[in-house]
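Q: just a sequence and a predicted model for now, questions to come.
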Amino acid sequence: MASRRPPILARSQSNCPEPSWPCASAGCGRVAGSRCRDPATRPHWFGACGSVWWSRDRVGGKRLGALPVAAEFLRRLDVAGTVDRLCPGRDIAQLTHGQVIETPAANRLTAPAPLWRVEDWAREWAVEEVFGIEPELLNDDRLGRALDAIAPHLAELTDSIGARAIGEFGIDVSTCHWDMTSMSLHGAYPADDQDEESPRIKHGHPKDRRYDLKQIQTGLAVTGDGGIPLLSRVIDGGAAEISQITGTMNALRAMTGPKKFLLVADSKLVSYHNITALIRAWTDFIAPVPASTVDDAVYAALDLEAANLVDYAPARDENTPADRRETYRMLEDTHVLPRPRTRDPRVEVRRILVHFTGNA
């Protein structure tokens, strides 16, 4: 059997490497080499249709780069389908919201730029050839309408796509890490001008110490398996981080199904309310205890010689002789959480105390 020719990107039936192949995607009906416009099956440039293989960086004078790779991942994650199910558009629209939203996602993965005049990027890059979308359809107004449509459904969209990623790629979710950050914003942002249904821009506790500026907050949950993002949230600028843990845990449990997972977070996890909720949900957790909650007498009473030496060396010490490396020692005990009310049940948790010679 003759071997296939080196991969190329074919744009029409006349130059398709296998012009006799019909498109294998149900609902398309076009022959190989022509552009599929069926939103239910697009993109199928990755082998479901014989029209597209690739190996070079440019096609027809346009940049190709990682667009085919981005298109395949977007297809496997069913991004367009998920958006269209949650945010259906008008029947007369030339593009669905899902098709439009895929393009800025591809832009971020190939040539990140502000969301302005995206059609210029689409003309320079092979967006029409890979995604089947004419660049002039990606004008600022159309992109804005798509972003407005998904804004009320961001949590549902990210959760659905995260759950799809777990099943599609077999992601290990036995460990999940959650953290938040804040973004300070210049400007007045009066409360009366803000959408009541969206997170508010307010004064809060900024990470950058710019207490003179208002802020918005974001949270991200990633897997221990490669740091893959699974869940993201946009959070009110004045919301307390400590109040986001339970909602995050519930959302992750909904995504991971019956699988148990370890939730790793910062010290904001450690509160009576959060820990009792995690225990009731049979969710394991680990977080640093705020130093202010441990009495100095506890540290003073510790016997360093009784602590276990940890077989661990940070990456910066890998080439340092063993006798000159910083060392870690560990003791374990139990800790009873302070109860908000005397009638609240007693909760006891494991506590690990770590001594590090670099900070001693």
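A: It's in. Everything numeric in this text was worked out from a predicted model, so none of it was measured.

Q: which parts of the stretch 51-200 of the chain are strands?
A: Per DSSP state E, counting those that start in this stretch, the stretch 51-200 of the chain carries strands over the ranges 58-59, 62-63, 175-185.

Q: all strands of the stretch 201-350 of the chain, in order?
A: Under DSSP E, counting those that start in this stretch, the stretch 201-350 of the chain gives strands at 214-223, 229-235, 262-264, 284-286, 308-309, 328-336, 348-356.

Q: got a list of contacts for the shortest one?
A: Spelled out, it's strand 308-309. 327-331 (CB atoms under 8 Å, 6 or more residues apart in numbering). C-beta: built from backbone N, CA, C; applies to glycine.

Q: tell me which of the residues you listed is nearest to Trp125?
A: Tyr328 (49.1 Å; CB to CB).

Q: now Val298: how far from Pro135?
A: According to CB to CB, to the nearest Å, Val298 and Pro135 sit 64 Å apart.

Q: so who does the nearest residue to Arg123 once chain neighbours are set aside touch?
A: Leaving aside its sequence neighbours, Arg123 sits nearest to Pro135 (CB to CB, 6 or more residues apart in numbering; 4.4 Å). Going by CB under 8 Å, 6+ apart, Pro135 touches 119-120, 122-123, 127-128.

Q: for the stretch 51-200 of the chain, just list every one of the helices.
A: 67-76, 79-86, 97-110, 118-124, 127-131, 140-150, 154-169 (DSSP state H, counting those that start in this stretch).

Q: to Asp266, which of these lies closest?
A: helix 154-169 (20.9 Å).

Q: for the closest one, give the mean pLDDT please.
A: Averaged across helix 154-169, pLDDT comes to 93.

Q: from His97, how far off is the residue nearest the centre of the chain?
A: By CA atoms, centre = their mean, the mean C-alpha position of the chain lies nearest to Pro229, the distance being 3.1 Å. Counting by CB to CB, the gap between Pro229 and His97 amounts to 21 Å.

Q: same deal with Gln194?
A: From Gln194 to His97 the distance is 24 Å (CB to CB).

Q: between those two, tell me which one has more neighbours.
A: His97 (23 against 13; other CB atoms under 10 Å).

Q: ok, the more buried one touching Asp148?
A: No. Using CB atoms under 8 Å as the test, His97 is too far from Asp148 to be in contact (9.5 Å).

Q: re the thing from before, list the contacts of the residue nearest to the centre of the chain.
A: Pro229 sits next to 162, 220-222 when contact means CB under 8 Å, 6+ apart.

Q: distance of it relative to Thr82?
A: 15 Å.

Q: now tabulate the contacts of Pro229 in JSON lines and tack on neighbour count and distance to Leu263.
A: Shown next, in JSON lines, are these (neighbours: other CB atoms under 10 Å; distance: CB to CB, whole Å):
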{"residue": "Gly162", "neighbour count": "24", "distance to Leu263": "15"}
{"residue": "Leu220", "neighbour count": "17", "distance to Leu263": "13"}
{"residue": "Ala221", "neighbour count": "25", "distance to Leu263": "9"}
{"residue": "Val222", "neighbour count": "18", "distance to Leu263": "12"}
